[in-house]
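K.L.:
Okay, predicted coordinates and the sequence, questions at the end:
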There are 2 protein chains.
Amino acid sequence: MDEREALSLLAAELPGAGDDCAVVDGRVLTTDMLHESADFPDGVTRYTAGWRSVGASLSDVAAMGADAEAAVAAYAAPSFDAGEIRAYVRGARDVCEAVGAEYVGGDLDRTDEFTVATTVVGAAADPVLRSGASPGEVVCVTGALGRTAAALRFFERAAAGDPGGARDAAGAGNAGNSPAAVERGNDLFRFTPRVAAGRALRSHATAMMDSSDGLARSLHQLSEASDCGFSIREADVPVHPAVDEVTSGEGERREAALFLGEDFELVFAVPEGEFDAAREASPTPLARIGDVTESGIEMDGEPLPDRGYDH
Amino acid sequence: MDEREALSLLAAELPGAGDDCAVVDGRVLTTDMLHESADFPDGVTRYTAGWRSVGASLSDVAAMGADAEAAVAAYAAPSFDAGEIRAYVRGARDVCEAVGAEYVGGDLDRTDEFTVATTVVGAAADPVLRSGASPGEVVCVTGALGRTAAALRFFERAAAGDPGGARDAAGAGNAGNSPAAVERGNDLFRFTPRVAAGRALRSHATAMMDSSDGLARSLHQLSEASDCGFSIREADVPVHPAVDEVTSGEGERREAALFLGEDFELVFAVPEGEFDAAREASPTPLARIGDVTESGIEMDGEPLPDRGYDH
């Protein structure tokens, strides 16, 4: 059974678990496990790993329109290095601070592969679920997509010993060296969880989730939960500027922005008449990328496949 | 650096993290990671793994005298088997139900080794810390110690193909077979977290923790946090009846009860005059095993070494 089937099974066993967070008594709770081979490519520092892993759980809380309160992490590695542990904790603490949450501790375990499990608890009297979108509303995203895809390209270049972080128009390496590519990758990997935007959107959005599985798959998941369709316009999908530094051609660009995922932006529906108020309330730019329809997921009139990132 | 040094480093980085749970705004939060090679010997079912792993976090909440509210788990395995996932969830749900908490979901990840990370959130306006014990008080434990040591022996016997679960006085295998030993091991592994006892003790205990690192090490940890000593009487330490089935001689019995750990009983100090009230309030039997002193950890007048289970 693949991960999606297993997650469906889990959701069936635990009816409260189909959203980005479980909801219990006005509180939201989410946990995520990440490990080196799948989630932290060569070049990711422990500081970035701390930031990003706790950030992934904070993003789930943001996706419910909830306030992030406290985070913990279980940190497992083949050996315990004081510098690495301190760097991880610093990253975890800094991402919490960035969204007004508190990093309060964790557990240590010894495993063959660096693995972390992060958990965040948040508060929301009336959390935004995936299931409230209706035809006639508009569908939007925060920020811009493709950031993680770009980061992965920088890490790949660094691993391949490419001398430059980015390439100029002629395809030659820019001034710089592998450390520059690693640094760009790390910078891009340390996203700001959209907790403040989620809070601003909670009185406007009718359905919301994060884009951690990619925009295309997120739309399919919202569609299933809300029993609706979406029609989006590719030209309106905001693409992170770093994507253009590392891709060539529309095909690669589209792959990065629509399918790769792990971007942790919010994807949500709002009634058309509330879009302006939502945009005003949100500290993060919002882009209106299309409409909620009766059924089907289309981009520019063509079916948008349910394809994305399997964690 | 070994795990204890790493945990000390973590506690230094995160001053709130030195107790069994982190405390934040009247809420307690704890996370634990367990993995197959260290924590789930051959023979442990996924149902037992679900029960025990979530139980370990519930025990941390109990140790703060807090009410356990909700639990999540991240489940990682080399492959996803529907029967195994369902069994894990059932175990997780059942242990939550046993203590009035709710199992609300989790995450799935693919790793080479079966690994789980469990998190529990609880509520306590005034949690019991490790740091409040004073000389003149008495030191107590809930239930009986050595249960996990006995379980491990049953699993070892089963793995060695021993035909009997327990042995009679002459050392011959009883009627039964390996499945019986596996079943005894699983039964013993599924402990009831002492949440109800912890709640009953929160208005009496001055310092408390769980015995997951073994009684000896727990006393050393309470001693360090409370800046006190302990003098205990071995004859008063309650030993689980299963220990006598699987050990021969005082040395093995003592090792199982005092040092091996992973038993998840509560170890706590109370003023002498409150012991009777505490005993009356607790649904789990309490045993008074000694006294809080100025300094030093002694058993029957001899130093009790700081030795126990490293997770």
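P.N.:
Okay, I see it.
K.L.:
Would you quantify the distance from A:A124 to A:T30?
P.N.:
12 Å (C-beta to C-beta, to the nearest Å). C-beta coordinates here come from the backbone N, C-alpha and C atoms, glycine included.
K.L.:
These two - which one has more neighbours?
P.N.:
A:T30 (31 against 19; other C-beta atoms under 10 Å in any protein chain shown).
K.L.:
got the angle between the helix or strand encompassing the more buried one and strand B:27-35?
P.N.:
If you go by DSSP states H and E, A:T30 is part of strand A:27-35. Taking axes from the mean of the first three to the mean of the last three C-alpha atoms, to 10 degrees, one finds strand A:27-35 and strand B:27-35 inclined to each other by 30 degrees.
K.L.:
Just the CA trace of strand A:27-35, in PDB.
P.N.:
Extracted C-alpha coordinates of strand A:27-35, given in PDB (Å, rounded to 0.1, in the frame of the first residue of the first chain):
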ATOM      1  CA  ARG A  27      -7.500  23.100  20.100                       C
ATOM      2  CA  VAL A  28      -5.700  21.800  17.100                       C
ATOM      3  CA  LEU A  29      -2.900  19.300  17.200                       C
ATOM      4  CA  THR A  30      -0.600  18.100  14.400                       C
ATOM      5  CA  THR A  31       2.500  15.900  14.100                       C
ATOM      6  CA  ASP A  32       4.900  15.200  11.200                       C
ATOM      7  CA  MET A  33       7.900  13.000  10.800                       C
ATOM      8  CA  LEU A  34      10.700  13.900   8.400                       C
ATOM      9  CA  HIS A  35      13.900  12.000   7.700                       C
END
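K.L.:
so what's A:V128 up against?
P.N.:
A:63-65, A:198, A:201-202, A:205-208, A:268 (C-beta atoms under 8 Å, 6 or more residues apart in numbering or on different chains).
K.L.:
which bits of the stretch 51-200 of chain A sit near chain B?
P.N.:
Counting by C-beta under 8 Å from any C-beta of the partner chain, the stretch 51-200 of chain A comes close to chain B at A:69-70, A:72-74, A:76, A:79-82, A:85-86, A:89, A:102-113, A:115, A:117, A:119, A:121.
K.L.:
From these, list just the buried residues.
P.N.:
Among these, those classed as buried by 16 or more other C-beta atoms under 10 Å in any protein chain shown are A:69-70, A:72-74, A:76, A:80, A:85-86, A:89, A:102-113, A:115, A:117, A:119, A:121.
K.L.:
what's A:P283 sitting at in phi/psi?
P.N.:
Backbone torsions of A:P283, given as degrees, to the nearest 10, read phi -70, psi -20.
K.L.:
From A:G50, how far off is the nearest residue to it once chain neighbours are set aside?
P.N.:
Excluding the flanking residues, the one nearest A:P283 by C-beta to C-beta, 6 or more residues apart in numbering or on different chains is A:A196, at 4.8 Å. Using C-beta to C-beta, A:A196 is found at 21 Å from A:G50.
K.L.:
Looking at these two, which one has more neighbours?
P.N.:
Taking neighbours as other C-beta under 10 Å, A:A196 and A:G50 compare with A:G50 leading, 29 against 20.
K.L.:
and the gap between that one and A:V95?
P.N.:
Distance from A:G50 to A:V95, by C-beta to C-beta: 7 Å.
K.L.:
Could you do A:F40 as well?
P.N.:
According to C-beta to C-beta, A:F40 stands 15 Å off from A:V95.
K.L.:
Which one of these two is surrounded by more residues?
P.N.:
A:V95 (29 against 22).
K.L.:
which ones are touching the more buried one?
P.N.:
Contact analysis of A:V95 by C-beta under 8 Å, 6+ apart lists A:50-52, A:54-55, A:58, A:190, A:192-193.
K.L.:
Which members of those residues occur in helices, if any?
P.N.:
The members of the contacts of A:V95 that map onto helices under DSSP state H are A:50-52, A:54-55, A:58.
K.L.:
what residue is smack in the middle of chain A?
P.N.:
For chain A, the residue nearest the mean C-alpha position is A:F264 (1.6 Å; C-alpha atoms, centre = their mean).
K.L.:
Would you check that that one makes contact with A:M209?
P.N.:
No - with contacts counted by C-beta atoms under 8 Å, A:F264 stays clear of A:M209, the gap being 10.8 Å.
K.L.:
hey, which strand is longest across chain A?
P.N.:
Scanning chain A for the strand with the most residues, using DSSP state E, yields strand A:67-77.
K.L.:
after that one, next one along is what?
P.N.:
Past strand A:67-77, the next helix or strand by DSSP H and E is helix A:82-98.
K.L.:
Using CSV, write out every CA atom in that next one.
P.N.:
What follows is helix A:82-98, C-alpha atoms only, in CSV (Å, rounded to 0.1, in the frame of the first residue of the first chain):
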residue,chain,number,x,y,z
ALA,A,82,26.4,19.1,20.7
GLY,A,83,26.8,21.6,17.9
GLU,A,84,24.2,19.8,15.7
ILE,A,85,21.7,19.5,18.5
ARG,A,86,22.1,23.2,19.5
ALA,A,87,21.7,24.3,15.9
TYR,A,88,18.6,22.2,15.5
VAL,A,89,17.1,23.7,18.6
ARG,A,90,18.0,27.2,17.5
GLY,A,91,16.3,26.7,14.2
ALA,A,92,13.2,25.2,15.9
ARG,A,93,13.1,28.1,18.3
ASP,A,94,13.6,30.8,15.6
VAL,A,95,10.7,29.5,13.4
CYS,A,96,8.5,29.4,16.5
GLU,A,97,9.5,32.9,17.4
ALA,A,98,8.7,34.0,13.8
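K.L.:
just for the stretch 51-200 of chain A, where's the confidence low?
P.N.:
A:162-177 (pLDDT under 70).
K.L.:
Please state the offset of stretch A:216-232 from the chain centre?
P.N.:
Using C-alpha atoms, centre = their mean, to the nearest Å, the mean C-alpha position of stretch A:216-232 is found 17 Å from that of the whole chain.
K.L.:
Buried ones in it, by neighbour count?
P.N.:
Neighbour-count burial for stretch A:216-232 [16+ other C-beta under 10 Å]: A:216-223, A:225-226, A:228-232.
K.L.:
who touches stretch A:31-39?
P.N.:
The contact list for stretch A:31-39 (C-beta under 8 Å, 6+ apart) reads A:40, A:49, A:52-53, A:56-57, A:60, A:113-119, A:311, B:72-74, B:76, B:105-107, B:109-111, B:115, B:117, B:119.
K.L.:
what about that stretch, how long is it end to end?
P.N.:
End-to-end span of stretch A:31-39 (C-alpha to C-alpha, to the nearest Å): 15 Å.
K.L.:
Equivalent analysis for stretch A:74-83, please.
P.N.:
So stretch A:74-83: terminal residues 17 Å apart, C-alpha to C-alpha.
K.L.:
and for it, what are the contacting residues?
P.N.:
So stretch A:74-83 is contacted by A:46, A:84-85, A:88, A:106-118, B:1-3, B:5-6, B:9, B:31-33, B:35, B:115, B:117 (C-beta under 8 Å, 6+ apart).
K.L.:
repeat that for 6 Å
P.N.:
With contacts defined as C-beta atoms under 6 Å, 6 or more residues apart in numbering or on different chains, stretch A:74-83 is touched by A:88, A:106-109, A:111-112, A:114-117, B:1, B:6, B:9, B:31, B:33, B:117.
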